[in-house]
Structure formats: C-alpha cells, structure tokens
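Peer 1: The following block contains a protein sequence and its predicted model.
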Amino acid sequence: MKYLVEFIGTFFLVLTITCVVLSITPDNGLANLAPIAIGSCLMVMIFAGGHISGAHYNPAVSLGAAIRGALPWAEMPIYWIAQIAGGAAAAFLGLYLLGSEGGTGNAKDFDAVRALIAEIIGTFALVYVVLNTATSKGTEGNSFYGLAIGFTVTAMAYTLGGISGGAFNPAVAVGASLGGLFTWSNIWVYLVGNLVGGALAAIVFKAVSAVDRD
C-alpha cells in the first residue's frame, strides 16, 4: 500500500501546483503565494506518508533512495509508476476544475459539480493528514500534527478555495452560510462533499496503515 501513498502524495502536490499556478493573474497576488501553497502541500504529505512509503513523491528522490540503499531496486519502478500516475491524474483534474471560472462559494458562476469535487478532495486531504499524524500508531507521540493539519488547510485553501470557497468542514460551511459568505442553496455541496471526503480518507487510511486497521 505504500505505492498508493506515493500516488496520493504526488497527486496532491501536482494538483496544488496546477491549480495555484494556473490561477495566477497580474492582480491577485498568487504569484508570491504559490511557493507557500506548494511547499505547504509537500510538507503535509510528507508528514502524512513518510512513515509508510518514505514520502518520495518524486522519481528522482526514489532513484537517489535506491542508489543509497534505502529503497529496493525492484520497488523503484513501481514507485515511479505510482508517482507519474498521481501527477498525471492531478494535472487532468486540475485542468477540469479550472475549466470554467470557479469563483467563490457565493459567486454567480458557482459550478456545483466542480465545487463538490473540490470539497471532496480538500476534505479528503485534511482528514487523511489528520488520521496519519494525529491517530496513527506509526506517528504516535509526534509534536507536529497540529502544524501538519493547519498547513493542510492552508495548501487546500490556496489550491481549491477559488473553486468551492474552501470549507472542508460542515461546521465551517454552515457558519459561512449564516455569515453570508456562501449561498444557502449550495449548502448541500459542502455537507455531502465534506462527509464523503472524510469517509473516503478513513477508508484509504485503514487500507494503507495495516497496524491501524483494528
């Protein structure tokens, strides 16, 4: 299952790069913030997956690890396949999500399908990191889980916030709707997307973390 971890980590890294960089305009300031979003995403995915796969997310890193003796040569091609597949899937999804003007959760051009996908993905990332850093036996007793969780929200907000509004939390969605930040007619997007994303993250966590299945 470490290959799935490599797929997921590379997927979120490339999705962040794709969505943030393609969203840069001369007046929105994202050019200066893009490195923060990208670095934050890489950091939290390393926190989440390092104890399972080594958190390479990069064929060059896997090659270096194999030469050093930290990765069996027989596993390196599978790492590469997982990483390239994750990057390709993220690029295609990123292009789809940005295919029409995303806007925010209260915008007239709000696209419910794209927003639903964005909320599922963003919540998946958040819960995946929470489970792997705050509840996993492999990272038990660590002191970084708060940093990892907070920076996951930072990275996903930069990556997907312009598409869905970036709730990733039903309580946030309700509060934002009460505050007029989101339109009430769209509340189902957040409730469904957040709960589905959280459930999928738990399923994947139990699949890749053998010691935590009980």
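Peer 2: All right, it came through fine. Numbering: from 1, shown residues only.

Peer 1: Any idea how far the one helix or strand residue 150 maps to is from the middle of the chain?
Peer 2: In the assignment (DSSP states H and E), residue 150 maps to helix 145-164. Remark: helix 145-164 is offset 8 Å from the chain centroid, using C-alpha atoms, centre = their mean, to the nearest Å.

Peer 1: OK, contacts around the nearest residue to residue 1 once chain neighbours are set aside?
Peer 2: Spatial nearest neighbour of residue 1, excluding adjacent residues (C-beta to C-beta, 6 or more residues apart in numbering): residue 208 at 3.9 Å. Heads up, the C-betas are built off the backbone N, CA and C, glycines and all. Residues in contact with residue 208 (C-beta atoms under 8 Å, 6 or more residues apart in numbering) are 1, 2, 4, 5, 52.

Peer 1: burial count for the fourth one?
Peer 2: Residue neighbour count, defined by other C-beta atoms under 10 Å, stands at 28 for residue 5.

Peer 1: Low-confidence stretches in this protein?
Peer 2: Scanning the chain with the threshold set as pLDDT under 70 gives 100-109, 212-214.

Peer 1: residue closest to the middle of it?
Peer 2: Nearest to the geometric centre of the chain sits residue 125, at 3.8 Å (C-alpha atoms, centre = their mean).

Peer 1: Just the helices from the chain, written as ranges.
Peer 2: Ranges of helices in the chain, per DSSP state H, are 2-22, 30-53, 59-68, 76-97, 112-130, 145-164, 170-178, 187-208.

Peer 1: now for the third one, which elements pack on it?
Peer 2: So the one you mean is helix 59-68. With contacts defined as 3 or more C-beta pairs under 8 Å, 6 or more residues apart in numbering; DSSP states H and E, helix 59-68 has these neighbours: helix 76-97.

Peer 1: Report how many residues lie close to the residue nearest to residue 2 when sequence neighbours are not counted.
Peer 2: What sits nearest to residue 2 in space, not counting adjacent residues and going by C-beta to C-beta, 6+ apart, is residue 53, at 3.6 Å. Residues near residue 53, counting by other C-beta under 10 Å, number 23.

Peer 1: Quick check: residue 53 vs residue 157, distance?
Peer 2: 26 Å (C-beta to C-beta, to the nearest Å).

Peer 1: quick one on the thing from earlier: dump the residue contacts of the residue nearest to residue 2.
Peer 2: Residue 53 neighbours (C-beta under 8 Å, 6+ apart): 2, 3, 5, 6, 9, 79.

Peer 1: ok, now residue 95?
Peer 2: Applying C-beta under 8 Å, 6+ apart to residue 95 gives the contacts 18, 22.

Peer 1: and it, how far is that from residue 88?
Peer 2: Taking C-beta to C-beta as the measure, residue 95 falls 11 Å from residue 88.
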